[in-house]
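S.K.: Got a predicted model here, sequence first, then my questions.
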Amino acid sequence: MSQEQLRFDGRVVIVTGAGGGLGRAYALLYAARGASVVVNDLGVGPLGIKGSSSAADKVVEEIRKNGGKAIANYDSVENGDRIVDQAVKTFGRIDIVINNAGNLRDRTFLKLTESEWQSVLNVHLKGSYKVARAAWPFMKKQRYGRIINTSSTSGVYGNFGQSNYGTAKFGLVGLSNALATEGAKFNITVNTLVPTAASNMTATSMAKEIMNIYDPKYVAPIVLNLTHDSNTYSGRVFEAAGGYFASSRWQVAKGCLFKPDYTFTPSAVKARWNDITDFSQSTYPTIGSTVDYPSIIREASSLKDS
Ligand code: NAD
């Protein structure tokens, strides 16, 4: 079956942390599909060492050699306004932001220093905020924008030794969801990606034999889909790994309701623990879902004692 190619002609994209790994794969594919790309990378790698402009330069060189349009930016995402500024000064606009730059300072909670905690929050959370915040006025004015924030299974599901990283990564789900609601009326979509790929970041945690299965280029197609003109999805979480793509969501158990009076004791709650944790009759709240307190209070008041 022939498929129309998803094109990005005339679109300007910032990909942060694009000097290697996933960001590089996105930058190459965007450029091949006609976009002008700002290849941002501080050139520090996951552990924050060996800062160099060459990581971004090499990707720009590769893009230009293939006939694409790209410039390098070496600012930290913590100064996201500078990255957006360079994009607008060079290409005249900003349409797509891929918040991808990331670092690691893995350590168990008691051993983790405050500076290791803060360093990870600064790059992932503050960095994504700063780039999105600087791009937002342009997107709002032009009534068009596409943003991807990069989370992780370590944030959504939790992982040993990554309290800093997990906090930052789960925070990005919150950032995406809030921005999705605010962006809706300006045609700005904001989604969260949960990728898995072989890269510098996973070089020590991923088995060598499977690294080729998890080539970063196998994640890139969903990023381009979610940032294409045709995308209408917003405030959603997508997992991607080695050619596997899936949307994920929250599930809330049916739960149980107590009459809010003296019968509502800790042991009454304990007695209903199975109902509280049973997912057989669950719901799937989405953005904007709120608890209907008035009807809960009405229903609870009419209940018999616990
Ligand atoms: P990577 O280490 O290859 O790429 C991250 C890039 O970010 C590096 O090139 C690094 O120099 C750059 N960077 C670090 N701090 C920066 C800063 N302050 N400003 C600008 N650039 C900076 O890792 P990757 O695996 O390609 O990771 C990309 C993103 O995907 C990260 O946010 C990571 O947390 C996330 N992620 C990756 C995986 C995976 O399996 N690879 C899994 C879950 C989440």
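M.R.: Cool, the structure landed.

S.K.: and the stretch 51-200 of the chain, which residues reach the ligand?
M.R.: Within the stretch 51-200 of the chain, the positions adjacent to the ligand are 55, 76-78, 100-103, 123, 127, 150, 152, 195-197, 199-200 by C-beta under 6 Å from any ligand atom. Glycine gets a C-beta too; all of them are placed from N, C-alpha and C.

S.K.: Just the ones of those in helices?
M.R.: Ala55, Gly127 (DSSP state H).

S.K.: Quick check on the residues of the stretch 51-200 of the chain next to the ligand: which are buried?
M.R.: Buried members of those, scored by 16 or more other C-beta atoms under 10 Å, are 55, 76-78, 100-103, 123, 127, 150, 152, 195-197, 199.

S.K.: For Asn231, which non-adjacent residue is closest in space?
M.R.: Nearest residue to Asn231, sequence neighbours excluded (C-beta to C-beta, 6 or more residues apart in numbering): Thr189, at 5.7 Å.

S.K.: Counting neighbours, what do you get for the one you found?
M.R.: The number of residues packed near Thr189 is 24, by other C-beta atoms under 10 Å.

S.K.: show me what contacts the closest residue to Val123 other than its chain neighbours?
M.R.: Counting by C-beta to C-beta, 6+ apart, Val123 lies nearest to Asn103, which is 4.6 Å off, once chain neighbours are set aside. Residues near Asn103 by C-beta atoms under 8 Å, 6 or more residues apart in numbering: Val44, Pro46, Leu47, Gly48, Ser119, Val120, Val123, His124.

S.K.: list the helices and strands the longest strand along the chain packs on?
M.R.: Longest strand in the chain, counting residues (DSSP state E): strand 188-196. Judged by 3 or more C-beta pairs under 8 Å, 6 or more residues apart in numbering; DSSP states H and E, the packing partners of strand 188-196 are helix 127-142, strand 145-150, helix 153-156, helix 163-183, helix 220-226, strand 237-241.

S.K.: what pairs with it, and is each one parallel or antiparallel?
M.R.: strand 145-150 (parallel), strand 237-241 (parallel) (DSSP bridges).

S.K.: Over the first one, what's the mean pLDDT, rounded is fine.
M.R.: This means strand 145-150. Strand 145-150 shows a mean pLDDT of 98.
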